[in-house]
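Enquirer: Could you work out the structure for the sequence below:
(chains A, B, C and D)
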2 protein chains.
Amino acid sequence: MIISDSEKYIMDVLWRGSVKTAKEIVSELEADTNWHEKTIKTLINRLLKKKAIGYEKQGREYRYFAILKEDDYIAQATDSFLQKVFKGDVSSLVAAFAKKEKLSSEEIEELKEIIRGLEK
Amino acid sequence: MIISDSEKYIMDVLWRGSVKTAKEIVSELEADTNWHEKTIKTLINRLLKKKAIGYEKQGREYRYFAILKEDDYIAQATDSFLQKVFKGDVSSLVAAFAKKEKLSSEEIEELKEIIRGLEK
DNA sequence: CTTAATAGATTACAAATGTAATCTGTGTGA
DNA sequence: TCACACAGATTACATTTGTAATCTATTAAG
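Expert: Next up is the predicted model:
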């Protein structure tokens, strides 16, 4: 179940707040993106077709919810990215990010924390 | 300058060995992928159009070379991935990878090394 | 010289994607 | 009750991508 970049914005909205009507999704998204309502409806439909989301009828409206779990999306996306760009080598990925992003000392602390967690 | 997933395979070949003829590229790639020679030629042409690669004439052949640098590609790819999937937060990215990949103790050592480098 | 092989250029074509507009059915306000 | 607003469904259309096939010019072989 591969979802496109645009579709992912819809998923973000649903992952944020469980069940929502199209109207709610639209108003949350019109803020950030400046997509037309029709565009957002199209994306919703494509996600339905891909079974990444579902809905329950509520009068004449639908209330949409995510089927695809965010964690699963992240796992699959990071994995394919890692393969594509770093041939699967996590360390070189982290090195690249570190170089690029100029981590703050809080972020560095967090990383150390994560690594401590790994060692146990 | 955005290059597609397939095009990236061509770049990999050129990044590996500087200047190469189409024939050389084809034979390196036919091993891994099972793309048709014509397909590879198409990808070469698209990369030329995108100015990601260039060539110098050598008799009736061209000798191709990368213009786009691997480091720049990696930087841009990782950055857009980080934004898309992790909203820019490096730590949660590393956490996700760690969870997913089951790092070996050597890899953990490497990570610690990288972080030590960041702290100075 | 003539011809066949080959290099690169151009064209092909379906699926996915971004970005909507139009159609259709129905509940709601006047 | 009756028209219309709004929800969802369907259709649209250009671009990108994957995956080649065909065209054209030139060189190398006989």
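Enquirer: tell me the domain ranges of chain A?
Expert: Annotated domains of chain A cover A:5-66, A:89-120 [automatic domain parsing].
Enquirer: Output those domains in JSON lines; the columns should cover mean neighbour count.
Expert: For the C-beta atoms, the positions are set from N, CA and C on the backbone; glycine is no exception. Shown next, in JSON lines, are those (neighbours: other Cβ atoms under 10 Å in any protein chain shown):
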{"stretch": "domain A:5-66", "mean neighbour count": "15"}
{"stretch": "domain A:89-120", "mean neighbour count": "16"}
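Enquirer: Which other helices and strands does the helix or strand bottoming out on mean pLDDT in chain A contact?
Expert: Every helix and strand of chain A was ranked by mean pLDDT, DSSP states H and E. The lowest is helix A:90-101, at a mean of 75. Contacts defined by 3 or more Cβ pairs under 8 Å, 6 or more residues apart in numbering or on different chains; DSSP states H and E place helix A:90-101 against helix A:70-86, helix B:70-86, helix B:90-101, helix B:105-119.
Enquirer: looking at the ones you listed, which is closest to B:Glu56?
Expert: Taking Cβ to Cβ, helix B:70-86 is the member of those nearest to B:Glu56, at 20.1 Å.
Enquirer: roughly how far apart are the residue nearest to A:Lys57 when sequence neighbours are not counted and chain B?
Expert: Once flanking residues are discounted, A:Lys57 sits nearest to A:Arg63: 7.9 Å by Cβ to Cβ, 6 or more residues apart in numbering or on different chains. Separation of A:Arg63 from chain B (Cβ to the nearest Cβ, to the nearest Å): 26 Å.
Enquirer: still on that earlier bit, angle of the least confident helix or strand of chain A against helix A:70-86?
Expert: Helix A:90-101 runs at 90 degrees relative to helix A:70-86, counting by axes from the mean of the first three to the mean of the last three Cα atoms, to 10 degrees.
Enquirer: Can you pull the residues of chain A lying near DNA strand C?
Expert: Listed as neighbours of DNA strand C in chain A under the rule Cβ under 7 Å from any atom of the strand: A:2, A:4-7, A:34-36, A:38-39, A:41-43, A:59-60.
Enquirer: got the phi/psi numbers for A:Ile2?
Expert: phi -100, psi 130 (degrees, to the nearest 10).
Enquirer: who's in contact with it?
Expert: A:Ile2 sits next to A:Lys50 when contact means Cβ atoms under 8 Å, 6 or more residues apart in numbering or on different chains.
Enquirer: try the one 4 residues further on
Expert: For A:Ser6, the set of contacting residues under the criterion of Cβ under 8 Å, 6+ apart consists of A:Leu43.
Enquirer: helix, strand or coil for it?
Expert: For A:Ser6, the assignment made with DSSP: H, G, I helix; E, B strand; the rest coil gives helix.
Enquirer: Next: A:Tyr62.
Expert: Secondary structure, three-state DSSP: A:Tyr62 is strand.
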